[in-house]
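What follows is a predicted structure for the sequence shown.
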Amino acid sequence: MLKSKDSFTVLLAGMQWLFFIFTNTVMVPLSIGHALGLAPEDIASSMQRSFILTGLLCIVQAVWGHRYALMDGPAGVWWGLVLSICASAPAMGLDIGTVAASLSSGFIISSGVVIILALCGFLNVLRRIFTPMVMGVFLLLLTFQLANTFFKGMIGYDQGGKWDLKLAALSLFIIVVVAFIHLKGKGKWGQFSLLGGIIVGWIAYAVFFGSQSRMETASGGTGIWHWLPWGTPGFEPGIIMVGLLAGLVNMTNTLTSLTAAGRLFKREATNKQFVRSILFTNGFSILAGCLGLIPFGTFASSIGFLENTKVLRRAALIAGATMFIIVGIFPALGGWLAKLPLSVGNAVLFVAYLQMFGTAIRSFQGTTFNAKTIYRVALPVLTGISIMNIPASAFAEFPPLLTPILSNGLIIGVILVIILENVIRWERFETKTSAPEPKVAEPKEHTMKPAAQS
């Protein structure tokens, strides 16, 4: 009986993982396919390949790689970089075919370089650079970035700067449902607040707005595996160099994710786990480059998901990843799952990522903040947030290849905190406190009369 209950719990937790992986994956091949001008059937095929490889990588990492219940999927840093380069192609004097071919080379070369660096011990250098302060700033900025994205999605914020008030009201209802189940759910039911929010929100959306589908579901059939669909790899030096930088940033993301996971699981990751994780992630990324997909990365946002659900078992992730592979194999299932409204998924993930804020704050424990040391957090965090809120059009005058970096508040914030941590000796300001004011002795009470004044 216990075993059947346990299997049911893993199944429900796996369904939560399925929706989490799907929501974090589906828009990547869709948006990149449109940016590259691919045909609908090619976009559908790349979507299937993305689903299958993402599910496989999650299972491989959970069993042989980092061995944590963490999602690995299309890396956000690469996603933003590819979209920015595609948008900047005319300014660089490049046609979209040349950009696509050079991007494929960038994926493969960058992933190969990261593998070599990991095998040569470069991780030890990164671990010295990525102190708890740097990781805390990274997680804070990632929380703000994700929360901002999902908040806009759940209120129906459009390019004209307008809200959809009905959609926002529904999203608020979903947030209340998720919070209620999480806070009031007895026993294990509180662990399935995200799944409950998705089911209730999906039903409510169908009642008030009707059903919708938000992606192409053209049949890929058995012909989804296309080798080098973006053409023969090219070599545009600028794109390759930016790609190498993106690979290093993605490498630091793995470091941050596993370090945060070690605290959550109360089992610190070993150096072998770090190396294995990077080897598998970048090995799959090389394969992705050959199949017209962007490189993979370990999702630090998984920490917020785990903090919310409290289901830390790898079996749950493996179950969800297996379901995701099945969705990729059968286009009809992908079409059904694609009917999940964006606003519902965004509202649920908005709540899930709130937990990352607490994870980031805990990274600063033991640090003394005063009027001087607050700069080590405030400057990079507020600078990063400020850049996040500047429209992309404001960076039009910058060199096209630098725009993806300079317009990324997360990257600029992390660069700033690394510089501050390695240039300034903050411990001097932590221990150096102002001298206490001397205490004025109170006059003792006595019965003697005061001396006569002269």
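Thanks, I have the structure now.

Could you tell me how many residues sit around Leu167?
If you count neighbours by other C-beta atoms under 10 Å, Leu167 ends up with 23. In this view, the C-beta of every residue, glycine as well, is placed from N, C-alpha and C.

Quick check: which element contains it?
Using DSSP states H and E, Leu167 sits in helix 165-184.

Tell me which residues are up against that helix.
Here helix 165-184 makes contact (C-beta atoms under 8 Å, 6 or more residues apart in numbering) with 154-156, 189-190, 192-194, 196-197, 200-201, 204-205, 208-209, 308, 343-344, 346-348, 350-351.

And the next helix or strand past it?
Assigned by DSSP H and E, the successor of helix 165-184 is helix 193-209.

packing partners for that next one?
Contact here means 3 or more C-beta pairs under 8 Å, 6 or more residues apart in numbering; DSSP states H and E; on that basis helix 193-209 packs against helix 2-25, helix 165-184, helix 302-309, helix 342-352.

could you dump the ones you listed to a markdown table with distance to Gly76?
Putting the helices and strands packed on helix 193-209 into a markdown table (distance: least, C-beta to C-beta, whole Å) gives the following:
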| stretch | distance to Gly76 |
| --- | --- |
| helix 2-25 | 9 |
| helix 165-184 | 22 |
| helix 302-309 | 12 |
| helix 342-352 | 13 |
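
looking at those helices, which is closest to Val417?
Nearest to Val417, of all the helices and strands packed on helix 193-209, is helix 302-309, at 18.7 Å by C-beta to C-beta.

Next, the angle from that closest one to helix 165-184.
Following axes from the mean of the first three to the mean of the last three C-alpha atoms, to 10 degrees, one obtains 60 degrees for the angle between helix 302-309 and helix 165-184.

CA atoms of helix 302-309 as PDB?
Extracted C-alpha coordinates of helix 302-309, given in PDB (Å, rounded to 0.1, in the frame of the first residue of the first chain):
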ATOM      1  CA  SER A 302      14.700  25.000 -10.600                       C
ATOM      2  CA  ILE A 303      15.700  26.100  -7.100                       C
ATOM      3  CA  GLY A 304      12.600  28.200  -6.800                       C
ATOM      4  CA  PHE A 305      10.400  25.400  -8.100                       C
ATOM      5  CA  LEU A 306      11.900  23.000  -5.600                       C
ATOM      6  CA  GLU A 307      11.600  25.400  -2.700                       C
ATOM      7  CA  ASN A 308       7.900  25.700  -3.500                       C
ATOM      8  CA  THR A 309       7.000  22.100  -4.100                       C
END
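
Report the mean confidence score over it.
Confidence over helix 302-309 (mean pLDDT, whole number) is 86.

just to revisit the earlier point, how about the helices and strands packed on helix 193-209, which one is nearest Val327?
Among these, if distance is taken as C-beta to C-beta, the winner is helix 2-25, at 7.2 Å.

thinking again about what came up before, looking at the helices and strands packed on helix 193-209, which is closest to Phe235?
Across those, Phe235 has its closest neighbour in helix 2-25 (29.1 Å, C-beta to C-beta).

list the helices and strands the closest one packs on?
Using 3+ C-beta pairs under 8 Å, 6+ apart as the contact definition, the elements that helix 2-25 packs against are helix 40-63, strand 72-74, helix 193-209, helix 302-309, helix 314-329, helix 342-352.

Give me whichever of those is most buried.
strand 72-74 (a mean of 28; mean count of other C-beta atoms under 10 Å).

The helix or strand that comes right after it vs helix 2-25, what angle?
Moving toward the C-terminus from strand 72-74, the first helix or strand encountered (DSSP H and E) is helix 76-92. Direction vectors for helix 76-92 and helix 2-25, defined by the same axes, to 10 degrees, enclose an angle of 20 degrees.

Now helix 76-92: buried residues?
Within helix 76-92, the residues that count as buried by 16 or more other C-beta atoms under 10 Å are 76-86, 88-89.

now swap in stretch 383-399 and tell me
Within stretch 383-399, the residues that count as buried by 16+ other C-beta under 10 Å are 383-385, 387-388, 395.

Check stretch 8-19 too.
Of the residues in stretch 8-19, those with enough neighbours to count as buried (16+ other C-beta under 10 Å) are 9-10, 12-19.

Is it possible to get JSON lines of these that adds distance to Ala44 and pLDDT?
Conversion of the buried residues of stretch 8-19 to JSON lines gives the following (distance: C-beta to C-beta, whole Å; pLDDT from 0 to 100):
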{"residue": "Thr9", "distance to Ala44": "34", "pLDDT": "82"}
{"residue": "Val10", "distance to Ala44": "31", "pLDDT": "87"}
{"residue": "Leu12", "distance to Ala44": "30", "pLDDT": "88"}
{"residue": "Ala13", "distance to Ala44": "29", "pLDDT": "89"}
{"residue": "Gly14", "distance to Ala44": "25", "pLDDT": "92"}
{"residue": "Met15", "distance to Ala44": "24", "pLDDT": "91"}
{"residue": "Gln16", "distance to Ala44": "26", "pLDDT": "91"}
{"residue": "Trp17", "distance to Ala44": "23", "pLDDT": "94"}
{"residue": "Leu18", "distance to Ala44": "19", "pLDDT": "93"}
{"residue": "Phe19", "distance to Ala44": "20", "pLDDT": "90"}
